[in-house]
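Participant: Predicted structure and sequence below. I'll ask about it afterward.
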Amino acid sequence: MLVVSVSYDKLRRVASSHPAYRLIEEGDRVEVLFYPPTEDSASSTSDFERDYSETVVRIIGVRRGDVVEFTEAFVERGNERRRLSLDELELWVNEIEWLA
């Protein structure tokens, strides 16, 4: 079984310093909300801080010591919800490592 994990400290650092991330914790359960920029703001044609998309990437995991192991993830837009495979999270984890 594939285990996708990231350092808890790095995840907290990114979530507290980057406006596109929100970290929700309930006991050992960790939920990361990522609000990707709109196409315009991603291409620098508008103000990134003002122009987030309606899409939310919801990543759910469990804190085990100093790492968070992710168990499921979804892309949500309006009333639509699509499950992401854990394989698809590896690129995102690399971004967290880079941003931290």
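Facilitator: Yep, that arrived. Numbering: from 1, shown residues only.

Participant: Name the residues that touch stretch 77-88?
Facilitator: Stretch 77-88 is contacted by residues 2-4, 53-57, 70, 72-76 when judged by Cβ atoms under 8 Å, 6 or more residues apart in numbering. Any C-beta I mention is one placed from the backbone N, CA and C, and that applies to glycine too.

Participant: Local confidence estimate at the residue sitting nearest the centre point of the chain?
Facilitator: The C-alpha lying nearest the average C-alpha coordinate of the chain belongs to residue 34 (Cα atoms, centre = their mean; 4.2 Å). Here, the pLDDT recorded for residue 34 equals 93.

Participant: where does this protein dip in pLDDT?
Facilitator: Low-confidence segments of the chain, defined by pLDDT under 70: 1, 38-53.

Participant: Please, where are all the helices along this protein?
Facilitator: With DSSP state H, the ranges of helices along the chain come out as 8-17, 39-42, 86-99.
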